[in-house]
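**Student:** Quick one, what's the 3D model for this:
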Amino acid sequence: MQPEVERELIRKCRGGDARFYEPLVRAYEPQGLRVAMGMMGNPEDARDALQEAFVKAFQALPRFDTKRSFGPWFFQILRNQCRDQLRSRAARFRVEVVDDGLLDLQGDEGPGSSRRKRERAEARRLLWKALERIPEDQREVLVLKELEDFRYQEIASILDIPEGTVASRLFHARRALRDALLEMGVVYP
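**Tutor:** From the prediction side, this is the model:
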């Protein structure tokens, strides 16, 4: 969404017309759900965290600095919401059957597509099992960079850390993920 469009929607929301918040929700919901899924580990908790983050963001709109982009600000709220939920519920990162719509890995059609779908499903399952084994701060930086393809600057803004720390965490997170996969017996080229 264009920054000027976001600012206008936010201005109208601040003016008392809440219906202008819906386009912001629709714009950030798919990516927000994937980020929450990466942090929470299951669709139900991810949807709860996302919904609560949208509510908190709406309530905080009067304090939002319109010189900033809405996206990184919202994802920071979402990240904090996920962390709060994980702490308050004493939840542990659970790997459950993931709805293909959340983490679609672009399938092929045609001969052999059924086999490829099974292989991708197994790869997804192994990835989430490995992510379950690494620390939360490493998991979140991997989700933001590798699954959502945020730039280092955006990740730094979301996590409220310097860009150099993003690079360092990402380096260690990739190593931790590789080690977790190796411990699980997954060998890759």
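**Student:** Give me the next element, helix or strand, following the worst-scoring helix or strand of the chain on mean pLDDT.
**Tutor:** One helix or strand of the chain scores below all others by mean pLDDT, DSSP states H and E: helix 113-132, with a mean of 83. Toward the C-terminus, helix 113-132 is succeeded by helix 136-142 as the next helix or strand (DSSP states H and E).
**Student:** ok, and for that next one, which residues are buried?
**Tutor:** 138-142 (16 or more other C-beta atoms under 10 Å). C-beta: built from backbone N, CA, C; applies to glycine.
**Student:** helices or strands next to it in the packing?
**Tutor:** helix 22-40, helix 70-88, helix 152-159, helix 163-183 (3 or more C-beta pairs under 8 Å, 6 or more residues apart in numbering; DSSP states H and E).
**Student:** check contacts around the residue minimising distance to the centre of the chain.
**Tutor:** For the chain, Val35 is the residue whose C-alpha lies nearest the centre (C-alpha atoms, centre = their mean; 1.0 Å). When contacts are counted by C-beta atoms under 8 Å, 6 or more residues apart in numbering, Val35 touches 75, 78-79, 143-144, 148.
**Student:** now Gln76
**Tutor:** Gln76 neighbours (C-beta under 8 Å, 6+ apart): 157-160.
**Student:** got CSV for those residues, with distance to Gly15 and pLDDT too?
**Tutor:** Shown next, in CSV, are the contacts of Gln76 (distance: C-beta to C-beta, whole Å; pLDDT from 0 to 100):
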residue, distance to Gly15, pLDDT
Ser157, 27, 88
Ile158, 28, 89
Leu159, 32, 89
Asp160, 29, 88
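**Student:** Just the buried ones from these, in ChimeraX syntax?
**Tutor:** Typed into ChimeraX, the next command selects the buried ones out of these (criterion: 16+ other C-beta under 10 Å):
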select :157,158,159
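**Student:** okay, the contacts of Gln76 in CSV with distance to Glu132 next?
**Tutor:** Shown next, in CSV, are those (distance: C-beta to C-beta, whole Å):
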residue, distance to Glu132
Ser157, 27
Ile158, 22
Leu159, 20
Asp160, 25
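**Student:** which one of the contacts of Gln76 is nearest Arg19?
**Tutor:** Among the contacts of Gln76, Ile158 lies closest to Arg19 (C-beta to C-beta), at 27.1 Å.
**Student:** From what I see, that closest one and Arg79 are in contact.
**Tutor:** Yes. In this structure, Ile158 is within contact of Arg79 by C-beta atoms under 8 Å, at 6.0 Å.
**Student:** re earlier: and the least confident helix or strand of the chain, how far from the chain's centre?
**Tutor:** Put simply, helix 113-132 sits 19 Å off its chain's centre (C-alpha atoms, centre = their mean, to the nearest Å).
**Student:** now for it, which elements pack on it?
**Tutor:** helix 163-183.
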